[in-house]
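Asker: Sequence and predicted structure, then a few things I'm wondering about:
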Amino acid sequence: MQTSKIEVVRWDLPRLVTSIHDGKLRVPDFQREWVWERNKVIALLDSIYREFPIGSFFFWRAPTIYNKYFRDIGGLHLPPPRLTEEVLFILDGQQRITSLYVVSHARQLIARHEGDPYAEPALLDKLRGYIDICFDLDDDVFRLRRGDEARYIPFCDLMDDDRFDLEDALTGEQRKRLRQCRLRFKNYPFSVIVVEDKTLDDVCDIFKRINQGGKRLSLSDLIIASTWSTDFNLRDRLHTDVNRWLQDTTFGAIEPEIVTESLAIYLRGNITQAAQLDLLVDEVETAWPIVIQAIFAAIGFLFSTVGVKTYSWLPYRAMLPLLAYLFSKLPTEQPSESQRAGLIAWFWRSAIGGRYGQSAVSNVARDRAEVMDALLTNQPLVLPTRTATAADLLKLRIERGSALKDAVYCLLALSGPRDFIDNQIISINADVLSPTTKAGRRVVFSRSILKGVGESDLVLNAILIPASLQTIMAGKQPSEYLADFADANPDLDETLASHLLPMGTDSALWMNDYPAFLRGRAELVAARLRELAGIQMTSPQ
């Protein structure tokens with residue numbers, strides 16, 4: 001009789017957490033990191049306490065040759081498995097299992113890591129926060145609050161068999177609830193499905209199918225799993241080959257999806273989910289250096305040619321894989337002048353025309369053929385013709401994301417903004433890019449002078465300047481600070497033009513006329529965007 005390769009068993013919580021603690025239950029290297037927050041853990045505890053089903057756990061009893069290919073659970077530095085002992089890898093349920101382990105062992109884990117000189121402060125803070133997950137003995141629910149050993153009992157203390165003192169200050173009804181809670185957790189039947197005699201390819205496929213059906217992981221997580229091998233880990237390579245270099249630049253780190261979509265369009269011609277999930281580890285390994293080099297070339301083009309000084313300004317994520325596709329196919333390191341001109345027109349037309357706002361996947365496939373392949377073969381381009389008007393620009397707000405807003409910021413950077421005091425070109429560095437609060441935003445008309453007159457948080461009121469300049473301008477009417485700047489800067493009109501601001505002492509800026517300033521700047525910016533996109537207006541706006 002053939003032995004089944006699938007075993008369904010019942011585990012209880014003590015066995016589950018002991019297996020983690022002893023290093024016998026591990027996370028495979030292709031799994032993602034532990035990411036659950038405390039509110040989700042509270043919901044999980046509530047389901048178990050009320051004896052609701054929480055889904056099965058899937059484990060893989062792996063051959064010992066894979067014992068070294070594991071990811072440390074939650075960064076907790078658990079003891080590594082010995083190369084000769086049996087290990088179970090978690091294929092599905094990592095977030096639930098890790099959360100149960102941490103919330104029930106929070107105090108022990110804190111004590112261990114406080115004595116570790118290499119412990120990460122962020123991990124310690126997270127562990128300390130788990131002590132505040134308490135069982136409310138009066139209301140019979142779990143809450144996030146500080147324990148008091150009278151009504152609110154930390155879950156980690158409740159599950160500690162050595163805490164005999166917990167019942168000392170409790171009423172009879174509270175003792176009953178505490179014992180009931182402890183018994184329910186210790187006796188809760190966790191359904192565990194164990195697969196064995198499976199190859200690594202089979203296991204990656206199982207992992208992908210489980211999580212694809214439940215939609216619990218991102219598409220990039222599934223692709224990382226399906227392209228994982230003992231010699232190649234896409235997640236690790238993304239960090240070492242890409243983001244390790246980008247994270248310290250103004251452009252910043254990119255999402256994993258950029259890389260998986262770039263691989264898919266290079267190898268399959270499109271970025272559909274099916275194309276990405278169809279990627280094979282051997283072809284990904286072969287294509288990796290070509291695609292990564294193309295991504296860096298694409299970022300260089302975006303940064304230096306069209307003003308995308310930071311990844312957050314990229315109007316559409318789809319633009320980067322499309323550019324990477326072209327650079328991966330170029331026979332030379334740099335595009336020709338005609339190819340470069342075509343790319344510039346494509347970028348601005350796509351950014352201001354909403355090209356990838358809807359039907360993005362199909363439009364990427366179309367533009368791969370009608371734009372990128374056409375550029376590679378010197379064929380006529382098929383470019384979008386929709387443009388943005390001054391009325392569209394007037395609606396943009398600083399705090400709301402939109403491709404058109406990003407295009408405006410790229411335009412402002414591309415225009416080479418100059419310092420109001422000495423007319424020197426401003427470096428678009430972290431100081432210029434850093435404002436995230438309303439108080440720190442760099443604007444032409446300050447919030448304080450627009451009270452009752454208009455909203456300051458409009459994109460057309462934004463400028464790219466360092467904090468030192470904004471400090472001088474804050475709280476003053478434009479005519480006030482411009483007069484001061486004019487005394488020091490004889491080329492002030494050139495400076496204003498570099499920010500796409502109206503020039504001349506008879507302009508709305510000098511007259512402190514905010515509505516007129518917005519209308520005038522909207523016309524100026526719209527005209528410049530159309531010029532870059534190569535779009536001629538045939539009728540008045």
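Answerer: Nice, thanks for sending it over.
Asker: which one's the longest helix in the protein?
Answerer: Using DSSP state H to define each element, the chain has its longest helix at helix 281-305.
Asker: Run the chain-centre distance for that helix.
Answerer: Distance of helix 281-305 from its chain centroid, counting by Cα atoms, centre = their mean, to the nearest Å, is 19 Å.
Asker: Contacts for the next helix or strand after it next, please.
Answerer: Where DSSP states H and E defines the elements, the next helix or strand beyond helix 281-305 is helix 319-329. Residues outside helix 319-329 that contact it (Cβ atoms under 8 Å, 6 or more residues apart in numbering): 254, 258, 261-262, 264-266, 271, 290-291, 293-295, 297-299, 301-302, 314, 335, 339, 343, 347, 350-351, 356, 364, 367-368, 371-372, 375-376. The C-beta positions use only the backbone N, C-alpha and C, and glycine is treated the same way.
Asker: hmm, 6 Å instead?
Answerer: Here helix 319-329 makes contact (Cβ atoms under 6 Å, 6 or more residues apart in numbering) with 258, 261-262, 265-266, 271, 290-291, 294-295, 297-298, 372, 376.
Asker: What's the ChimeraX line that selects buried ones from the residues you listed?
Answerer: To isolate the buried ones among the contacts of helix 319-329 in ChimeraX, judged by 16 or more other Cβ atoms under 10 Å, type:
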select :258,261,262,265,266,271,290,291,294,295,297,298,372
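Asker: picking that back up, mean confidence for the longest helix of the chain?
Answerer: For helix 281-305, mean pLDDT rounds to 94.
Asker: In the chain, which residue is most central in space?
Answerer: The chain has Glu255 as the residue nearest its centroid, 5.9 Å off, counting by Cα atoms, centre = their mean.
Asker: buried residues in the longest helix of the chain?
Answerer: So helix 281-305, judged by 16+ other Cβ under 10 Å, has buried residues 281, 284, 287-288, 290-292, 294-299, 301-303.
Asker: one step back: return the distance of the residue nearest to the centre of the chain relative to Phe327.
Answerer: Going from Glu255 to Phe327 by Cβ to Cβ, to the nearest Å gives 19 Å.
Asker: repeat for Leu381
Answerer: Between Leu381 and Phe327 the distance is 17 Å, computed by Cβ to Cβ.
Asker: So these two - more neighbours on which side?
Answerer: Phe327 (24 against 16; other Cβ atoms under 10 Å).
Asker: now Thr272, nearest residue through space, not along the chain?
Answerer: On the basis of Cβ to Cβ, 6 or more residues apart in numbering, the spatially nearest residue to Thr272 that is not a chain neighbour turns out to be Val361, at 5.6 Å.
Asker: Quick one: work out the angle between the helix or strand hosting the one you found and helix 319-329.
Answerer: Here Val361 sits within helix 360-367, counting by DSSP H and E. Put simply, helix 360-367 runs at 30 degrees to helix 319-329, going by axes from the mean of the first three to the mean of the last three Cα atoms, to 10 degrees.
Asker: Contacts for helix 360-367, please.
Answerer: So helix 360-367 is contacted by Asn270, Ile271, Thr272, Ala318, Tyr356 (Cβ under 6 Å, 6+ apart).
Asker: Good, wrapping up.
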